[in-house]
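K.L.:
below: sequence and its predicted model.
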Amino acid sequence: QVLLVESGGGLVQAGGSLRLSCSASGRTFSTYSMAWFRQAPGKEREFVAGITWRSITNYAEFVKGRFTISRDNAKNTVYLQMNSLKPEDTAVYYCAGDSSTFIIPARGPNSYDDWGQGTQVTVSS
C-alpha cells in the first residue's frame, strides 16, 4: 500500500494550463500502476489518464491531445499536465494507485486500491 498526496490544483481561465502532482510514499512505487480520475458535482468518478509501471499510457477520449500523464520513479511522483483547459474540466482530481501489473492502465476505479484525498481544479470561462 502507498500513501498518495495530490497537489497543483487551483483556479485557471479557459485555455490555460495546470500541472497536478501526486507524491507517493513507499518503496514499491516503481512497480505500481497509477491513474488520475476526476469527479464533478453530481457526477460519477471518471477515468482521466493512466500509466503502468512500464510507462504504458492511455487516456479518456475527452482529454486526448490536451492532457499528459507521466511518472518519475526517482521522485515517487506521477504528474498530470493539463493544457487547453475547458470549463467542463472543472472537478476534484484524484490520484489512484495499485500494485497490479496491468498491461495497459485499467479504467475502472475499482481496479485501484490506493487513493489520494483529491485536489480541486476550477476552470473559469
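P.N.:
Done, it's in. Numbering: from 1, shown residues only.
K.L.:
buried ones in the strand or helix carrying T68?
P.N.:
Using DSSP states H and E, T68 sits within strand 67-72. Buried residues in strand 67-72, counted by 16 or more other Cβ atoms under 10 Å: F67, T68, I69, R71. No exception for glycine: its C-beta is placed from N, CA and C like everyone else's.
K.L.:
can you tell me what sits against that strand?
P.N.:
By Cβ atoms under 8 Å, 6 or more residues apart in numbering, the residues outside strand 67-72 that reach it are 34-36, 48-51, 55, 57, 59, 77-83.
K.L.:
list only those of the residues you listed flagged as buried.
P.N.:
Neighbour-count burial (16+ other Cβ under 10 Å) applied to these gives 34-36, 48-51, 59, 77-80, 82.
K.L.:
between those residues, which sits nearest Q1?
P.N.:
Nearest to Q1, judged by Cβ to Cβ, of the buried ones among the contacts of strand 67-72 is M34 at 13.7 Å.
K.L.:
and the closest one, bridged to which residues?
P.N.:
Beta-bridge partners for M34, by DSSP bridges, are I51, G97.
K.L.:
could you check how far the residue most central in space within the chain is from C22?
P.N.:
Nearest to the mean C-alpha position of the chain, counting by Cα atoms, centre = their mean, stands W36 at 2.1 Å. Distance of W36 to C22, computed by Cβ to Cβ, to the nearest Å: 8 Å.
K.L.:
who touches both of these two?
P.N.:
V78, L80, C95.
K.L.:
which residue packs closest to the last one, ignoring adjacent ones?
P.N.:
Nearest in space to C95, with sequence neighbours left out and distances taken as Cβ to Cβ, 6 or more residues apart in numbering, is C22 at 3.4 Å.
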